[in-house]
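# Sequence below, structure please.
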Amino acid sequence: MAGRPADEPATLRARLHHLYAGNTEDARRFRYGVLALDLATITFVIATSFVGRSRTIGVIDIGLGLVLLAEFVGRLLASRKPMREALTPASIADAVAIASFLAPLAGFSLGFLRIARTLRLLHSYRMAEMLRQDFAFFRRNEDAVLAGIHLVVFVFIMTAVVYETQHFTNPHIVNYADALYFTVTALTTTGFGDITLPGTAGRLISVAIMIAGVTLFLRLAQTLFRPRKVRFSCGDCGLSRHDADAVHCKACGALLNIPDEGRE
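Purely as a prediction, here's the structure:
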């Protein structure tokens with residue numbers, strides 16, 4: 001009987017670890033599949049937030065929750081230290097999002113927490129590394145892309161917070177579009193005044209949107225307009241960010257050999 005190839009994972013845990021951490025073509029395809037699942041989930045969450053709840057959407061919620069739960073369990077099994085993996089911020093955000101998808105099974109409605117799933121996109125080092133290797137555009141603009149994702153995630157999380165805390169009592173917040181409109185006007189400090197959040201809690205939410213939102217917006221502007229840096233670790237001092245045309249490390253003066261992708 002033919003034996004198992006030496007490089008083929010022998011157990012479920014080893015196979016999962018290979019898929020989540022390996023550099024082979026099948027492992028990369030698997031991780032891109034997980035990324036596609038994340039993006040599809042986020043698109044579904046955002047799209048359905050602007051329409052009324054229905055039985056069909058509830059069924060899709062539960063189906064997505066079960067798929068995400070299976071992926072979450074598989075990721076924990078793939079880890080060398082499952083407990084440490086389970087306590088990372090990305091895993092905790094995943095658990096909250098999965099619970100919100102499955103909440104209807106227990107008679108609860110926690111749909112606004114589903115947007116926490118987007119946090120995973122911000123903290124997946126391996127996914128960022130894979131995108132960095134495969135796409136020159138991502139390598140050149142990684143900081144700006146991540147800063148933009150941070151800002152978008154913040155906007156939709158705060159939109160969910162505004163909607164869930166206001167739509168029962170505030171006649172100006174009728175749907176997610178109203179909450180999104182208020183969030184954007186508060187973040188940009190435009191403040192048209194046609195929608196306000198009454199009470200102490202409303203004012204505190206507004207302050208949080210303005211302070212954190214402006215900070216994230218300025219971070220995005222900074223990454224867009226500052227001179228572009230490339231990631232290349234100096235062999236002597238370890239400095240990892242350099243000017244694209246740097247010949248010597250600005251920290252220690254060591255000679256660099258930064259790969260040049262060429263110019264069109």
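# quick one: the helices in the stretch 51-200 of the chain?
55-78, 82-86, 89-102, 119-123, 125-134, 136-166, 176-187, 199-225 (DSSP state H, counting those that start in this stretch).
# Per the annotation, how does the protein divide into domains?
8-134, 135-226, 229-264 (automatic domain parsing).
# who touches His248 in this structure?
254-256 (Cβ atoms under 8 Å, 6 or more residues apart in numbering). C-beta: built from backbone N, CA, C; applies to glycine.
# and what of Ala246?
Per Cβ under 8 Å, 6+ apart, neighbours of Ala246: 256, 258.
# which SS state does it fall under?
coil (DSSP: H, G, I helix; E, B strand; the rest coil).
# give me phi/psi at it?
phi -70, psi 140 (degrees, to the nearest 10).
# how many neighbours does the nearest residue to Arg203 once chain neighbours are set aside have?
In this structure, Arg203 finds its nearest non-sequential neighbour in Leu197, 6.7 Å apart by Cβ to Cβ, 6 or more residues apart in numbering. Burial of Leu197 is recorded as 22 neighbouring residues (other Cβ atoms under 10 Å).
# I'd assumed Tyr163 was in contact with Leu197.
No. In this structure Leu197 lies outside contact range of Tyr163 using Cβ atoms under 8 Å: 11.1 Å.
# what number of residues lie near Val153?
19.
# if I read this right, Asp94 contacts Leu68, doesn't it?
Yes. With contacts counted by Cβ under 8 Å, Asp94 reaches Leu68, the gap being 7.2 Å.
# neighbouring contacts of stretch 222-231?
Applying Cβ under 8 Å, 6+ apart, the contact partners of stretch 222-231 are 132, 139-140, 142-144, 147, 240-244, 258.
# Now distance to Val230 and pLDDT too, for these, in JSON lines please.
Below are the contacts of stretch 222-231 laid out as JSON lines (distance: Cβ to Cβ, whole Å; pLDDT from 0 to 100):
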{"residue": "Arg132", "distance to Val230": "11", "pLDDT": "75"}
{"residue": "Arg139", "distance to Val230": "8", "pLDDT": "73"}
{"residue": "Arg140", "distance to Val230": "8", "pLDDT": "75"}
{"residue": "Glu142", "distance to Val230": "10", "pLDDT": "77"}
{"residue": "Asp143", "distance to Val230": "11", "pLDDT": "79"}
{"residue": "Ala144", "distance to Val230": "14", "pLDDT": "82"}
{"residue": "Ala147", "distance to Val230": "17", "pLDDT": "84"}
{"residue": "Ser240", "distance to Val230": "9", "pLDDT": "78"}
{"residue": "Arg241", "distance to Val230": "7", "pLDDT": "76"}
{"residue": "His242", "distance to Val230": "6", "pLDDT": "76"}
{"residue": "Asp243", "distance to Val230": "8", "pLDDT": "75"}
{"residue": "Ala244", "distance to Val230": "5", "pLDDT": "71"}
{"residue": "Ile258", "distance to Val230": "6", "pLDDT": "77"}
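# Nice, that's everything, thank you.
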